[in-house]
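Enquirer: what's the 3D shape of this:
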Amino acid sequence: MSAKVQHYDVIRKPVITEKATMASEANAVVFEVSIDANKPQIKEAVEALFGVKVKAVNTTITKGKVKRFRGQLGRRKDVKKAYVTLEEGNAIDVTTGL
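Expert: Okay, the predicted model is just below:
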């Protein structure tokens with residue numbers, strides 16, 4: 001398996017919410033990442049895919065909600081988000097897509 005495929009396995013998609021937009025003003029970008037990805041893997045993947053220098057990576061796991069699907073109780077998947085702070089002068093434009 002090539003390194004590029006592994007990086008795309010780590011980073012699923014950018015998160016575009018009001019909170020993520022506020023974070024971008026502080027030179028940070030928010031990504032949804034694989035649930036088993038760790039901070040060094042996330043840092044390496046972002047640096048390789050976007051060609052930027054990463055200052056810090058903070059992660060959070062949001063537990064999946066219990067919802068009803070066709071009358072049956074079901075549970076959404078847990079989601080892991082990474083708040084990636086970039087070094088000064090680096091930027092990623094997530095609005096254009098990967």
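Enquirer: distance check, residue 41 against residue 6.
Expert: 8 Å (C-beta to C-beta, to the nearest Å). The C-beta positions use only the backbone N, C-alpha and C, and glycine is treated the same way.
Enquirer: those two: who's more crowded?
Expert: residue 41 (19 against 13; other C-beta atoms under 10 Å).
Enquirer: am I right that that one sits in a strand?
Expert: No. Counting by DSSP: H, G, I helix; E, B strand; the rest coil, one finds residue 41 to be helix, located in no strand.
Enquirer: in contact with residue 57, which residues?
Expert: 39, 42-43, 46, 82-85 (C-beta atoms under 8 Å, 6 or more residues apart in numbering).
Enquirer: which of these are buried?
Expert: 42-43, 46, 82-84 (16 or more other C-beta atoms under 10 Å).
Enquirer: on that earlier part again, and the contacts of residue 57, which is closest to residue 66?
Expert: Comparing those against residue 66 with C-beta to C-beta places residue 82 closest, at 24.9 Å.
Enquirer: the closest one - that's part of a helix, no?
Expert: No. Counting by three-state DSSP, one finds residue 82 to be strand, located in no helix.
Enquirer: so how far is residue 75 from it?
Expert: In terms of C-beta to C-beta, residue 82 sits 23 Å off from residue 75.
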